[in-house]
Every structure is written in structure tokens, then in C-alpha cells.
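Participant: can't give you the sequence, but here's the structure:
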């Protein structure tokens with residue numbers, strides 16, 4: 001399952017973490033968020049980025065979790 005986690009830092013910057021996808025798919029998933037928030041300052045690729053891309057025919061459902069400001073509980 002694809003997962004996007006947004007973490008708002010005390011200085012106002014936002015960190016986006018993607019799991020459950022590989023390759024450029026993570027960039028496609030976060031494109032709308034990045035455009036909404038502004039300029040990307042830094043991008044760090046995880047080990048999942050280099051894994052072969054798997055096509056999932058059940059696409060279209062994503063879980064977005066907001067953490068920080070009282071949303072730290074899971």
C-alpha cells in the first residue's frame with residue numbers, strides 16, 4: 001500500500017515521506033503536494049526508489065497522514 005507522510009517541522013518546513021512505491025512513482029505521487037507547498041529544498045531518495053516498479057491495478061486509493069500539531073498519535 002502506498003503511504004505519504006507529511007511532517008510539519010517547527011520552522012514551518014514540511015518533510016514528505018513516501019513508502020510502498022518505487023522509482024519515479026513517488027515523485028508522481030507527491031507532485032501535487034510539492035506544487036501546493038512551494039519550492040523543494042532537498043530531496044533524499046530511499047532504498048525503495050531503486051527497486052523495480054510494480055504495476056498495481058488497484059491504484060487510486062492513497063492514505064495521507066498529517067503529523068504534528070496534535071496529530072502525532074497513530
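Facilitator: All right, it came through fine. All values reported here derive from a predicted model rather than from experimental measurement.
Participant: ok, so what distance separates residue 17 from residue 6?
Facilitator: Here the criterion is CB to CB, to the nearest Å. By it, residue 17 lies 8 Å from residue 6. Glycine gets a C-beta too; all of them are placed from N, C-alpha and C.
Participant: oh, I was asking about residue 42
Facilitator: Distance of residue 42 to residue 6, computed by CB to CB: 15 Å.
Participant: what do you get for residue 26?
Facilitator: For residue 26, the distance to residue 6 (CB to CB) stands at 13 Å.
Participant: higher neighbour count, these two?
Facilitator: Each of residue 26 and residue 6 had its neighbours counted (other CB atoms under 10 Å), and the higher figure belongs to residue 26 (22 against 17).
Participant: what kind of secondary structure is the more buried one in?
Facilitator: State at residue 26, reduced to three classes by DSSP: H, G, I helix; E, B strand; the rest coil: helix.
Participant: contacting residues for the nearest residue to it once chain neighbours are set aside?
Facilitator: Excluding the flanking residues, the one nearest residue 26 by CB to CB, 6 or more residues apart in numbering is residue 18, at 4.1 Å. Applying CB atoms under 8 Å, 6 or more residues apart in numbering to residue 18 gives the contacts 2, 3, 4, 5, 26, 29, 30, 46, 48.
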